[in-house]
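>>> build me a structure from this.
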Amino acid sequence: MKNYTYLIIFALAAIISSCEDVIDVKLSNEELNLIGVEANITTVDQPTVFLYKTLKVDQDITYPGISAAVVTISDNATPANQIILTEDPAKQGHYVVPNGKNYLGVAGREYTLNIQTQGVTLVAKDKIAKVEPIDSIEVVPSQRGEKRFLGIFTYGKEPKGLGNYYKWDIFVNDTLVHNADRLAIASDEFVDGNYISKLEIYTDFYDTNKPEDRKLRLHDKIQVKQTSISEFAYNFYFQMINQSSTGSLFSVPTANIVSNFTSSDGKPVLGVFTARDVSGSNQVVIDQKIEDQLKK
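Predicted coordinates:
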C-alpha cells in the first residue's frame, strides 16, 4: 500500500520558553481606525458581510460595526445576478440577504463584493471552485498524544488536477469551532487524484488535568463541512494560523494579513471575502464505545 503525505495545517501552542527582548513598536495613525470586512458566500448558505472599524491592539472591546453602507454582491454570469444586502437591525455592521430573497453561490462562478461606505468604495473578488463530496467522517482516538485525545477524521476522493484547496468547518452540537488555532486547511500538492483515507482534521488536545477543557465529549454530535477555497483564501488562512501563534520561539513577526479587498482611497483593508462550495458529512454521536477507546 502506498503512503501519501498529507499537507494539513494546524496551529498548535508551542510549549517552549525563551528569553524575550522588549521591543518598542511605534504605530502610525494611518495604521489605526482602518476598515475591516468579514464576508462570505457559499453554495448552501446565504451571503453575510460584517463591516467594522479596527481597534488599537490594547483595546479589548467588540469591533464597532459600520452602519449605512451600500453592500452589493454580483456574479460573472451573463446577465449578471446581483443582490443588495441590508443591515441586520439587531446587529450593527452585519449585512444579510433581505427577507424573502435567496442568493446562493454557484460553483464555477466568480463573485464580486462591492461596499460603499464613508466616502470610499471597497471591492473584493473570489471564485467558487467545485468541491468533491465528502464520503464520511469518524471520531476515534488520535495517534497524536498516545490515544488520550479524540480526533476527527475524513474520508473522500481528491480529484485529479493540481490546484485544489480545502477548508474544513467542524461543528460540535451544531456550533462551529472557528478559533484561529483550530483552522483546518490543506492543498492537494502531495495527494492529487488519490483517495484520502482517515485524514485527521481536528485533534481535541487539552490539559488532561483539566477535563473540563475538552471540546469533544460523550454524547456530543459531530459534523463536518468540507469546502473548496481559492488559492488566495488558502494563503490568507495560512497567515492567520501563523499570526495566531505569535510569541513562540519559531513564530513569524506580527503583521497585518494581506486582504483581497482594495479601497478607493488606497488605504489597506483588513479581512477577506471568500466564496466556497460545500459538501456536508454524516453526523457522528460520541457514544460510550468511542469514549472507552481513550487511554486514561
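>>> tell me which residues in the helix or strand hosting Gln223 are buried?
Taking DSSP states H and E as the criterion, Gln223 maps to strand 221-229. Using 16 or more other CB atoms under 10 Å as the burial criterion, the residues of strand 221-229 that qualify are Ile222, Gln223, Val224, Lys225, Gln226, Thr227, Ser228, Ile229. Backbone N, C-alpha and C define where each C-beta goes, glycine included.
>>> what's whatever helix or strand comes next after that strand packed up against?
Heading C-terminal from strand 221-229, the first helix or strand you meet, by DSSP H and E, is helix 231-244. Applying 3 or more CB pairs under 8 Å, 6 or more residues apart in numbering; DSSP states H and E, one finds that helix 231-244 makes contact with strand 8-9, strand 165-172, strand 184-187, strand 270-276.
>>> can I get the ones you listed in CSV with mean pLDDT and distance to Val96?
What follows is the helices and strands packed on helix 231-244, written out as CSV (pLDDT from 0 to 100; distance: least, CB to CB, whole Å):
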stretch, mean pLDDT, distance to Val96
strand 8-9, 50, 30
strand 165-172, 96, 19
strand 184-187, 94, 26
strand 270-276, 96, 15
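>>> and among these, the most buried is which?
strand 270-276 (a mean of 25; mean count of other CB atoms under 10 Å).
>>> picking that back up, what's the closest of the helices and strands packed on helix 231-244 to Gly119?
strand 270-276 (18.3 Å; CB to CB).
>>> coming back round to it: where's the strand holding Gln223 relative to the chain centroid, distance-wise?
Mean-position distance between strand 221-229 and its chain equals 11 Å (CA atoms, centre = their mean, to the nearest Å).
>>> that strand pairs with which strands, parallel or anti?
strand 165-172 (antiparallel), strand 278-280 (antiparallel), strand 284-285 (antiparallel) (DSSP bridges).
>>> next, format the ones you listed as a markdown table and append distance to Ile137.
Formatted as a markdown table, these follow (distance: least, CB to CB, whole Å):
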| stretch | distance to Ile137 |
| --- | --- |
| strand 165-172 | 9 |
| strand 278-280 | 10 |
| strand 284-285 | 6 |
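>>> indicate which one of these is closest to Ala233.
strand 165-172 (7.0 Å).
>>> and the very next helix or strand once past the closest one, what other elements does it pack with?
Following strand 165-172 in sequence order, the next helix or strand is strand 175-177 (DSSP H and E). Secondary-structure packing of strand 175-177 (3+ CB pairs under 8 Å, 6+ apart): strand 165-172.
>>> mind listing what Ile185 touches?
Residues in contact with Ile185 (CB atoms under 8 Å, 6 or more residues apart in numbering) are Ile8, Ile9, Tyr165, Tyr166, Lys167, Trp168, Ile229, Tyr234, Tyr237, Phe238, Ile241.
>>> ok, for the third one, nearest residue in space, not its chain neighbours?
If I follow you right, that is Tyr165. Nearest residue to Tyr165, sequence neighbours excluded (CB to CB, 6 or more residues apart in numbering): Tyr234, at 4.1 Å.
>>> same deal with the fourth one?
In space, not counting the residues next to it along the chain, Tyr166 is nearest to Ala186; the distance is 4.9 Å by CB to CB, 6+ apart.
>>> now that neighbour: how far from Gly105?
As judged by CB to CB, to the nearest Å, Ala186 and Gly105 stand 21 Å apart.
>>> do the same with Thr208
Taking CB to CB, one finds Thr208 at 42 Å from Gly105.
>>> domains for the chain, by residue range?
33-129+256-275, 130-236+279-291 (automatic domain parsing).
>>> closest to Val120 among the buried residues of strand 221-229?
Ile229 (26.9 Å).
>>> returning to what we had before: tell me the angle of the strand holding Gln223 relative to strand 270-276?
100 degrees (axes from the mean of the first three to the mean of the last three CA atoms, to 10 degrees).
>>> before we move on, back to that, so how far is Ala80 from the residue nearest to Tyr165?
From Tyr234 to Ala80 the distance is 26 Å (CB to CB).
>>> circling back to that earlier point, with distance to Lys157 added, can I get the helices and strands packed on helix 231-244 in CSV?
Putting the helices and strands packed on helix 231-244 into CSV (distance: least, CB to CB, whole Å) gives the following:
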stretch, distance to Lys157
strand 8-9, 17
strand 165-172, 12
strand 184-187, 14
strand 270-276, 18
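>>> with that, I have no additional questions.
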